[in-house]
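[1] Below are the sequence and a predicted model for it; my questions follow.
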Amino acid sequence: MKKLKVISFCLSLFALASCSKKGADNAVVSVPLVQIGKPISNSGPLAAGTYKGTMLANQTYTVTGDITINAGDTLLIQKGVTINMTNGANFIVNGDLISLGTKDAPITITDPSKTKQVGPSTVAGDPAYVGGWGGIYCSNTANLVVIKYTHLDFGGAALKALPFPASAGLAAGNQYILYFENPKGVFIMEDSWMYGSPDDATRFYGGYYNIMRNTMEKCGSVGGDGFNAKGSSVGNMAYNLIIGGATNGTKTASDGTTAGECQFTMYNNTYVNDGYRNTGVYGARSGSVEIENNSRALVYNNLIVDCDFGVRIAGGPAGAKVYLADTTSSSTALIPKTAYGYNYYYVDNAAMAGQIVPTSVAQAVVTHPQATDIPNMAALLGPNYTFGLVYDGSSLVGKNNPMFVNYPLPAANNFWVTQASVDSYNFHLQQGSPAAGKGTTNAALIKPITTGIPVDPTFGSSEITMPGADMGCYQLNGTGNHH
């Protein structure tokens, strides 16, 4: 049981003021800040060592070495905190980490020596792809990580050494920003931002996850995925905006464990310009959604714009680097069977159009064309189409413009290759968008995973947002992604 010290002085003042004014129905009551243990001072740099307690609201901290949270301890970060990470420092989490930013006062963890660049982006000239501070590495004793309204900018410096005896796929030299491997632990990431990484932005190797309403930009230099779930990880990836990722935006693969299958719902995400910095074999990976290696997923209501590949269900023999996703039926799995549909595609050239339903360019795929997708790929390809065959999709170029509030579609001159950040663009849908109301909210098709995911304003998910009728992460009724 955590010992909480609640700062309630402001609340008491407001209560007294309310008592002194009868009939003051519009009195505003301040929400007290949660504090755990003792405050952590920002009077000097935080050197490498063990820490617990609370980083206080609106303060700036400078970190010069790895911050380690011991098993059984908790580090809580209050709203508005800025943490300047230097010397490639990491958070090593063997206990609990709670980062509680708010919409009006987000938390920022960054490398102060780096500055965001707007406009066209290339690996050679953009500091986003280099790695500045390290990452948040969570061992198999990390029970709870909660990240809310938090900017994670310029992470991914290479690990100098293993921070703990890893039970999954961690090695010295890895450049992840978020790593979690406790099969019984909980990882919550909501309403947050990730900007820049040299490799996979995340690696999850077991546990329960709710990944909702986040924005991810410029993740992966010449390869690397966005939200990459492996092992026995289960949960939800929903209402995320992923723009300019090197390879997959969201991915599942049951690698690195014998504890069970990786199972995720992926719904109402918006993928823009993903898949163009991967220097590996073309067609061996996706550019939006990838389901592979004996994992299960439900993939619905996603808006996929100018991505290298559409939703890709990998095939191939067991033992290959990328082998068959689990497409069988199960009466005991959280996801009874991998299924997908009601996904919306817009493309600006024939190469992308020929991969809305991914083909077996480099290896086998088992992605079926869906009549519920926009465009209707089942009708386009016809009843005799066998998954994996090459087809001509050139008639789809420039069709079904989703009508973003502010983003240039059609895009010309390989704009999708180099525009990898949100900048001043606005990916909300306009009223009258052809993507509005085209999703499914049918719980028989798409139902979020709730098993193992606590709902709590501090020690859990704020909410598990249900599927929305509008395609993508922004809903016309104001729900979904809050950025």
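    Alright, I've got the coordinates.

[2] for stretch 183-199, which positions count as buried?
    Using 16 or more other CB atoms under 10 Å as the test for burial, stretch 183-199 gives 183, 185-199. In this view, the C-beta of every residue, glycine as well, is placed from N, C-alpha and C.

[3] Tell me where the stretch 251-400 of the chain has strands.
    Secondary structure of the stretch 251-400 of the chain (DSSP state E, counting those that start in this stretch): strands at 263-267, 270-272, 289-292, 296-300, 303-305, 312-313, 339-341, 344-346.

[4] Tell me which of those strands sits nearest to S121.
    S121 lies closest to strand 270-272 among the strands of the stretch 251-400 of the chain, at 13.0 Å (CB to CB).

[5] which stretches of the chain aren't confidently modelled?
    For the chain, applying pLDDT under 70 flags the ranges 1-30.

[6] quick one, helices of it?
    9-20, 350-353, 377-381, 415-418 (DSSP state H).

[7] and the end-to-end length of stretch 125-136?
    End-to-end span of stretch 125-136 (CA to CA, to the nearest Å): 26 Å.

[8] what's the distance between that stretch and the middle of its chain?
    Remark: stretch 125-136 is offset 17 Å from the chain centroid, using CA atoms, centre = their mean, to the nearest Å.

[9] Identify each buried residue in it, please.
    Neighbour-count burial for stretch 125-136, counted by 16+ other CB under 10 Å, picks out 126-136.

[10] Which of those residues sits closest to V422?
    Comparing those against V422 with CB to CB places A128 closest, at 12.6 Å.

[11] Contact partners for the closest one?
    By CB atoms under 8 Å, 6 or more residues apart in numbering, the contact list for A128 reads 114, 116-117, 121, 154, 195-197, 217-218, 420-421.

[12] Give me the distance between S295 and G231.
    10 Å (CB to CB, to the nearest Å).

[13] Out of the contacts of A128, flag the one nearest to A318.
    Closest to A318 out of those is S197 (30.1 Å), distances taken as CB to CB.

[14] Might you report the residue contacts of Y61?
    Applying CB under 8 Å, 6+ apart, the residues near Y61 are 40, 42, 46, 55, 81-84.

[15] a markdown table please, covering those residues and showing neighbour count and distance to I374.
    Converted to a markdown table, the contacts of Y61 look like this (neighbours: other CB atoms under 10 Å; distance: CB to CB, whole Å):
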| residue | neighbour count | distance to I374 |
| --- | --- | --- |
| I40 | 19 | 50 |
| N42 | 16 | 51 |
| L46 | 20 | 50 |
| M55 | 24 | 46 |
| V81 | 25 | 42 |
| T82 | 18 | 42 |
| I83 | 25 | 42 |
| N84 | 18 | 45 |
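
[16] In strands, which of those residues appear?
    Counting by DSSP state E, the part of those found in strands is 40, 55, 82-84.
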